[in-house]
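> Dropping a prediction and its sequence here:
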Amino acid sequence: EGTQFDTDTFLVKSGSLPANISYAAHIQVTRIEPEEYLPPQPGDTVNLAVDDDLKRALHFDGMEKRISAGTMRNSSPAYLNYEFIDGSKGAHINISGVSGVATKTSYALFLLQGILTSAALGSHRANTKALIFNVKGEDLFFLDKPNAKLKEEDLAEYKKLGIPAEPFKDVRFCAAPRRTSHDVDPHLDQRPDNISVYLWSIRELCRDRLFSFLFAGEDLERGNLGFLVSVVEERLARLAEENDRRKRGVHLDVEEPFGAPQKRQVKTFRDLIEFLEDKLVENVDNGWLGRNVASTAEALIRRLWGISDEMGHLIRGD
């Protein structure tokens, strides 16, 4: 106090200008016990809330199911009410952080470890599973490995929070197959072991009625295209079930174009598109088009060709 301009700092330092140093704190009232809303008097003593007082001030004492949220600036543990995460009273988490340095991902994994190892799950703990989507890099494919960079002070922080400083247990990794390989190899560079490759056979796609998942939600909301997709999905399901009655397999046996008696095998996603193109566009007298117009069928085929490179290695009949 006693300064007006930024350059007054130099005058204070040289002793030419008298000034006093003062510290101010912002006091935030989060809870009043008993609930008598009387304002404090000037000069009343303010004590820093610690230990049990801090838990009461932040309502930690009222959380029946709580999980560790981390450490506050005063080095005290912070908690989240799990009932606002698992859907009992709400289900939403918003994590903010600097992009590109794995702050949000790391904190999400920290919360997940806290949930899976806490008592908040109760009797559901044994059967609770987490599904994580790895959207960039391959870092998350090492969740079952210990962190070699943890220091002793880091281990002490984990112990204070009641979270074991250990890798995730009972983990299964799945990865897409390589696009350029005819073999079923995971598309990973850093970890080839203990990886399950996920893909679907042509017959599974048809029999399990997964055809509609090839289209974006806004496409299916357009009446004509959505109706045609449902018609095609049902016809493919019947065809796959008919195939199953003859023999089990991964490809699809279909009639040759123009009603020829011999069968052909649909072994690739491109084969499936060509088969549907024949049924919906080139030969429309077979009942596959239904009451839909030709332009709707052409729109469906265009979308399938547009995703053929993205889906060809995931849906196959070889």
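Ah, there it is.
> okay, CA-based contacts and neighbour counts for the rest of this
Fine.
> Isn't residue 191 up against residue 143?
No: contact criterion CA atoms under 8 Å: residue 191 and residue 143 do not qualify, at 11.8 Å.
> Tell me where the stretch 51-200 of the chain has strands.
Along the stretch 51-200 of the chain, the segments classed as strands by DSSP state E, counting those that start in this stretch run 66-71, 77-81, 173-175, 195-197, 200-201.
> The nearest residue to residue 179 once chain neighbours are set aside: neighbouring residues, count only.
With CA to CA, 6 or more residues apart in numbering as the measure, residue 313 is the residue that lies nearest to residue 179, at 5.4 Å, once sequence neighbours are left out. A count of nearby residues for residue 313, using other CA atoms under 10 Å, gives 20.
> wait, is residue 313 part of a helix?
No: with DSSP: H, G, I helix; E, B strand; the rest coil as the criterion, residue 313 is coil rather than part of a helix.
> Quick check: the gap between it and residue 304.
Residue 313 sits 14 Å away from residue 304, taking CA to CA, to the nearest Å as the criterion.
> got it, and residue 277?
When distances are taken as CA to CA, residue 277 and residue 304 turn out to be 10 Å apart.
> Ok, residue 249 next?
For residue 249 relative to residue 304 (CA to CA), the value is 23 Å.
> more neighbours, these two?
Using other CA under 10 Å, the more surrounded residue of residue 249 and residue 304 is residue 304, with 21 against 16.
> Next, the contact list for the residue nearest to residue 179, please.
If a contact means CA atoms under 8 Å, 6 or more residues apart in numbering, then residue 313 has 177, 178, 179, 199 as its contacts.
> Now render these as a markdown table, adding neighbour count.
Below are the contacts of residue 313 laid out as a markdown table (neighbours: other CA atoms under 10 Å):
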| residue | neighbour count |
| --- | --- |
| 177 | 20 |
| 178 | 16 |
| 179 | 17 |
| 199 | 19 |
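> In helices, which of these fall?
Assigned to helices by DSSP state H, none of these qualify.
> after the helix-or-strand element of the chain with minimal mean pLDDT comes which helix or strand?
Comparing helices and strands within the chain by mean pLDDT, DSSP states H and E singles out strand 260-266 as the least confident, with a mean of 75. For strand 260-266, the succeeding helix or strand toward the C-terminus, using DSSP states H and E, is helix 269-277.
> Not counting its own residues, what contacts that following helix?
By CA under 8 Å, 6+ apart, the surrounding residues in contact with helix 269-277 are 202, 266, 301, 304, 305, 308, 311, 312, 315, 316.
> Of the residues you listed, just the buried ones, PyMOL syntax please.
The following PyMOL line selects those of those that are buried, judged by 16 or more other CA atoms under 10 Å:
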select buried, resi 202+266+301+304+308+311+315+316
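> ok, so of the contacts of helix 269-277, who is nearest residue 34?
Checking these against residue 34 by CA to CA gives residue 311 as the nearest, at 63.5 Å.
> Let me see the contact set for the closest one.
With contacts taken as CA under 8 Å, 6+ apart, residue 311 has the following neighbours: residue 269.
> what's the spacing between it and residue 96?
Distance, residue 311 to residue 96, by CA to CA: 33 Å.
> Next: residue 79.
17 Å.
> More neighbours: those two, which one.
Here residue 79 and residue 96 are set side by side on neighbour count (other CA under 10 Å), and the busier one is residue 79, at 21 against 9.
> The more buried one touches residue 69, doesn't it?
Yes: judged on CA under 8 Å, residue 79 makes contact with residue 69 at a distance of 4.7 Å.
> circling back to that earlier point, could you check the distance from the residue nearest to residue 179 over to residue 204?
Between residue 313 and residue 204 the distance is 14 Å, computed by CA to CA.
> what mean pLDDT does stretch 44-63 have?
Averaging pLDDT along stretch 44-63 yields 90.
> start to end distance for stretch 94-104?
One end of stretch 94-104 to the other measures 10 Å (CA to CA).
> Return the distance of it from the chain's centre.
14 Å (CA atoms, centre = their mean, to the nearest Å).
> what's next to it, contact-wise?
When contacts are defined by CA under 8 Å, 6+ apart, stretch 94-104 is touched by residues 107, 108.
> And that stretch, what's buried?
Buried residues in stretch 94-104, counting neighbours by 16+ other CA under 10 Å, are found at residue 104.
> do the same with stretch 157-173
By neighbour count, and taking 16+ other CA under 10 Å as the criterion, the buried residues in stretch 157-173 are 157, 158, 160, 161, 163, 165, 168, 173.
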